[in-house]
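Participant: From the sequence below, what's the structure:
(one chain, ligands or ions: 1)
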Amino acid sequence: MSENQAKYSADSIQALEGMEHVRMRPSMYIGDVGSRGLHHLVYEVVDNSIDEAMAGHCDRISVTINEDNSVTTEDNGRGIPVGMHKKEGVSALEVVMTKIGAGGKFDKDSYKVSGGLHGVGVSCVNALSEKLVATVHRDGKIWEQEYQRGKSIEPVKEVGTSDKTGTIVTFLPDKTIFQDVNTYSYDILATRLRELSFLNKGITITITDKRNKDKDGNDVHEEFFSKDGLVEFIKFLDNTREPIMKDVIAFEGEKNGVPVEVAMIYNTSYSENLHSYVNNINTHEGGTHLSGFRRGLTHTLKKYSETSGMLDKLKFEISGDDFREGLTAIISVKVAEPQFEGQTKTKLGNKEVSACVSQAVSEMLRDYLEEHPEDAKTIVQKVILAAQARHAAQKAREMVQRKSVMSIGGLPGKLSDCSEQDPAKCEVFLVEGDSAGGTAKQGRDRAFQAILPLRGKILNVEKAMQHKVFENEEIRNIFTALGVTIGTEEDSKALNIEKLRYHKVVIMCDADIDGSHISTLILTFFFRYMKELVENGHVYIATPPLYLVKKGAKKEYAWNNDQRDSIMMKFGDGCKVQRYKGLGEMNAAQLWETTMNPEFRTLRRVDIENGIEADRIFSMLMGDDVPPRREFIENNAIYANIDA
Ligand code: 0RA
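Facilitator: Numbering: from 1, shown residues only. Modelled structure (predicted):
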């Protein structure tokens, strides 16, 4: 064996090991092997196309979910190079597809900042696919190579001629790796592609689902194209809210070499909706770019309102929070070497970015306020109102925190606590109504299960000012029962989640429309006031059965009509079917064995798959604007019936 050959085989063994490692420890590369990881495969390939677009070589990307659940992505970029790769001795295409971390590394000049949450490259997708076919249109020809579980099964071959350029990748996720979820969700992919089109204006991104037809018999299909980027994104996010100003305030430019884009608007709501991105990745945990935004906003608005004299009669200080009530904003930065921190690695750590964003915001806001004095006045008035409300809320919040007369040992009187002290082992059920609460109290395992009955419909926090929320008795009971307090000097929504007394907080409502409305109200409260609880996976929804099917001594529960029918078939003639209209119709033993006993129950964990979509849905379902709510309910009526 020549020296060169020896070196080549050594390198390829290393490459192989890299790919094997991806298959051995997929979660290290794509986060998990559930739904999230499965969808991540698509994002990873699309990110490469977005990179091509950002480098100015591509303006069309299409994603197709095929009938067999494989996915095809296609772009009109330059096409992955197919020439011989000097070091590896095979086609560059093969290197990109089969070597971990190869990506666009040999293309140092291109401006490359995108590239996936984990930035692992297409080779990762290849390693985790039963089969992948890469087709490249380049230099007047079409090239193709096929792989199985990350290994090429033939050299790159020429398969035709072409007058265009671009890359087409079709992959079938490996079912031995994605064991639980191996079908793609159109909605999840469409939501992300829409988001990408807002974040990268000027690119046409399409999605086609060959598995489903629309009412005309065509494949389900959507096309996303954003001319105005974040400005349109803001309008999309706030389409169910009422703006208090004419235009979206926007900034786009570069600050100290960092591309910064910001867009914001004030609306009549009381919630703050800040969304931040780094290299197209949603930074859920915020970071330096977000704190830069806050600082720039506070600084500029404070200065403006002070010089305008509008604050002269105000008796107390305005806080940072007050400037953000009813604010919807998106901050998007591109950072060459992002440092991601935090629990989910979605918090930007790069210190230098803070000043960039802060400067950008100060500039754009100063200009806007000068050019729109009417809007400026409206904003300052809103800030003053927010400050006054916060003042009132402060008092109410102190009542939440104080161990007051309403409680014994600091806990609400209505709470039936458990005896276990270790929060990790404890559960609390938030139960609709006193009567179901009573049944739950009898049915539970008091060692580790606590019950907090809630009276009727809890307050719709989407429509209420903060102080009303903190004054509400049911909500105060939730805070005290959970042991969590809210609000610090600088952040009125900061939670001390370390004090959480139960690691499972279970919402238990009737399995009907009213029950799901109450669940939604409680979830809205958690989403707006205890988001970390949801993000950290502490919030669950109980799923009580809909039917009890009995014949003689035999009985079985059913959670839907199909189950009911198959039990009836199994039992044969003479079945008695009881339809549970609510939790109240079950006795304690039944509630325990179907809904509360960890051995048999199904708890659905609530997660914020997509904060943007969650925000839109809550503001739509719970806000003031009726038409979109009606539309949503009509569109989702089929699902609603299943629940009913
Ligand atoms: C490496 C180098 C170049 C482009 C690409 C990769 C590339 C990768 C993907 C993945 C999906 N679509 C893609 N498009 C391009 C630079 C090519 C050149 O210099 O001509």
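
Participant: chain center to the longest helix along the chain, what's the gap?
Facilitator: As assigned by DSSP state H, the longest helix anywhere in the chain is helix 373-401. Relative to its chain's centre, helix 373-401 lies at 29 Å (Cα atoms, centre = their mean, to the nearest Å).

Participant: Residue ranges in the stretch 351-500 of the chain under the pLDDT threshold?
Facilitator: For the stretch 351-500 of the chain, applying pLDDT under 70 flags the ranges 399-409, 456, 488-491.

Participant: for the longest helix of the chain, packing partners?
Facilitator: With contacts defined as 3 or more Cβ pairs under 8 Å, 6 or more residues apart in numbering; DSSP states H and E, helix 373-401 has these neighbours: strand 258-266, helix 288-308, helix 352-371, helix 466-471, helix 473-482. Every residue, glycine included, has its C-beta placed from N, CA and C.

Participant: my guess is Glu556 contacts Asp565, does it?
Facilitator: No - Glu556 is beyond contact range of Asp565, at 12.0 Å (criterion: Cβ atoms under 8 Å).

Participant: Of these two, give the one with the bigger neighbour count.
Facilitator: Neighbour comparison, Glu556 and Asp565: the larger count goes to Glu556, with 18 against 14 (by other Cβ atoms under 10 Å).

Participant: quick one on the thing from earlier: now the angle from the longest helix of the chain to strand 258-266?
Facilitator: Counting by axes from the mean of the first three to the mean of the last three Cα atoms, to 10 degrees, helix 373-401 lies at 80 degrees to strand 258-266.

Participant: and helix 373-401, which residues are buried?
Facilitator: For helix 373-401, the neighbour count (16 or more other Cβ atoms under 10 Å) marks 375-376, 378-380, 382-384, 386-391, 393-394, 396-397, 400 as buried.

Participant: before we move on, what about stretch 304-315?
Facilitator: Buried, per 16+ other Cβ under 10 Å, within stretch 304-315: 304-305, 310-311.

Participant: who touches that stretch?
Facilitator: 318, 366, 369, 376-377, 380-381, 383-384, 387 (Cβ atoms under 8 Å, 6 or more residues apart in numbering).

Participant: would CSV of these with distance to the ligand be doable?
Facilitator: Shown next, in CSV, are these (distance: Cβ to the nearest ligand atom, whole Å):
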residue, distance to the ligand
Ile318, 49
Arg366, 40
Leu369, 43
Ala376, 45
Lys377, 49
Val380, 48
Gln381, 50
Val383, 46
Ile384, 51
Ala387, 50
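
Participant: Would you check which pair of those lies furthest apart?
Facilitator: Arg366 and Ala387 (21.3 Å; Cβ to Cβ).

Participant: Show me which residues of this structure sit near the ligand.
Facilitator: Residues of the chain lying close to the ligand (Cβ under 6 Å from any ligand atom) are 48-49, 52, 75, 77-78, 80-81, 96, 104, 107, 122, 167.

Participant: the helices in the stretch 151-300 of the chain, which residues?
Facilitator: Counting by DSSP state H, counting those that start in this stretch, one finds helices in the stretch 151-300 of the chain at the ranges 186-199, 230-237, 288-308.

Participant: Quick check: beta-bridge partners of the residue nearest to Met530 when sequence neighbours are not counted?
Facilitator: Ranked by Cβ to Cβ, 6 or more residues apart in numbering and with sequence neighbours excluded, the top spatial neighbour of Met530 is Leu495, at 6.1 Å. Leu495 has the following beta-bridge partners by DSSP bridges: Ile486.

Participant: and the helices and strands packed on helix 373-401, which is most packed in?
Facilitator: Scoring the helices and strands packed on helix 373-401 by mean neighbour count under mean count of other Cβ atoms under 10 Å gives strand 258-266 as the most buried, with a mean of 24.

Participant: contacts for it?
Facilitator: Here strand 258-266 makes contact (Cβ under 8 Å, 6+ apart) with 229-231, 233-234, 238, 243-245, 247-254, 293, 326-335, 352-353, 356-357, 360-361, 364, 378-379, 382.

Participant: Is it possible to mark the buried ones in those?
Facilitator: Among those, the ones that count as buried (16+ other Cβ under 10 Å) are 229-231, 233-234, 238, 243-245, 248-252, 293, 326-335, 353, 356-357, 360-361, 364, 378-379, 382.

Participant: For the ligand, what's its nearest residue on the stretch 251-400 of the chain.
Facilitator: Relative to the ligand, the nearest point of the stretch 251-400 of the chain is Asn280 (14.8 Å; Cβ to the nearest ligand atom).

Participant: Tally up the residues packed near that residue, please.
Facilitator: Residues lying near Asn280 (other Cβ under 10 Å) number 23.

Participant: if I look at it, how far off is Pro338?
Facilitator: 11 Å (Cβ to Cβ, to the nearest Å).

Participant: try Ser354
Facilitator: Ser354 is 13 Å from Pro338, by Cβ to Cβ.

Participant: OK, contacts around Gly487?
Facilitator: Contacts of Gly487 by Cβ under 8 Å, 6+ apart are 394, 397, 493-494.

Participant: Swap in 10 Å and give it another go.
Facilitator: 321, 390, 393-394, 397-398, 400-401, 466, 470, 493-496 (Cβ atoms under 10 Å, 6 or more residues apart in numbering).

Participant: how far out from the middle of the chain is stretch 282-295?
Facilitator: Relative to its parent chain, stretch 282-295 has a centroid offset of 16 Å by Cα atoms, centre = their mean.

Participant: That one: end-to-end distance?
Facilitator: Using Cα to Cα, to the nearest Å, one end of stretch 282-295 lies 20 Å from the other.

Participant: now stretch 53-68
Facilitator: Counting by Cα to Cα, you get 29 Å between the two ends of stretch 53-68.

Participant: tell me which residues in that stretch are buried?
Facilitator: Of all the residues in stretch 53-68, those buried under the rule 16+ other Cβ under 10 Å are 53-55, 57-58, 60-65.

Participant: Farthest pair within these?
Facilitator: Across the buried residues of stretch 53-68, the longest distance by Cβ to Cβ is 27.0 Å; it joins Ala55 and Ile65.

Participant: low-scoring pLDDT stretches of the protein, where are they?
Facilitator: In the chain (pLDDT under 70), the answer is 1-16, 101-120, 399-409, 456, 488-491, 625-627, 632-644.

Participant: you'd agree Lys531 is up against Val606?
Facilitator: No - contact between Lys531 and Val606 fails when scored by Cβ atoms under 10 Å: they sit 11.2 Å apart.

Participant: List the contacts of Lys377.
Facilitator: 305, 308, 310, 369.

Participant: measure it to Arg444 for me?
Facilitator: Distance from Lys377 to Arg444, counting by Cβ to Cβ: 56 Å.

Participant: Likewise for Tyr580?
Facilitator: Distance of Tyr580 to Arg444, given as Cβ to Cβ: 18 Å.

Participant: now Ile65
Facilitator: Separation of Ile65 from Arg444 (Cβ to Cβ): 44 Å.

Participant: next one: Gly438
Facilitator: Distance, Gly438 to Arg444, by Cβ to Cβ: 11 Å.

Participant: Who has more neighbours out of those two?
Facilitator: Just comparing Gly438 and Arg444: by other Cβ under 10 Å the higher neighbour count belongs to Arg444, 21 against 16.

Participant: Quick check: phi and psi at the more buried one.
Facilitator: Backbone torsions of Arg444, given as degrees, to the nearest 10, read phi -70, psi 170.

Participant: Would you check that it makes contact with Arg601?
Facilitator: No - contact criterion Cβ under 10 Å: Arg444 and Arg601 do not qualify, at 11.7 Å.

Participant: got any residues that touch both of those two?
Facilitator: Both Arg444 and Arg601 are contacted by 591-592, under the criterion Cβ under 10 Å, 6+ apart.

Participant: Let me see the contact set for the closest residue to the ligand within the stretch 501-644 of the chain.
Facilitator: Relative to the ligand, the nearest point of the stretch 501-644 of the chain is Asn610 (23.9 Å; Cβ to the nearest ligand atom). Residues near Asn610 by Cβ under 10 Å, 6+ apart: 187-188, 191-192, 195, 282, 284, 616-617.
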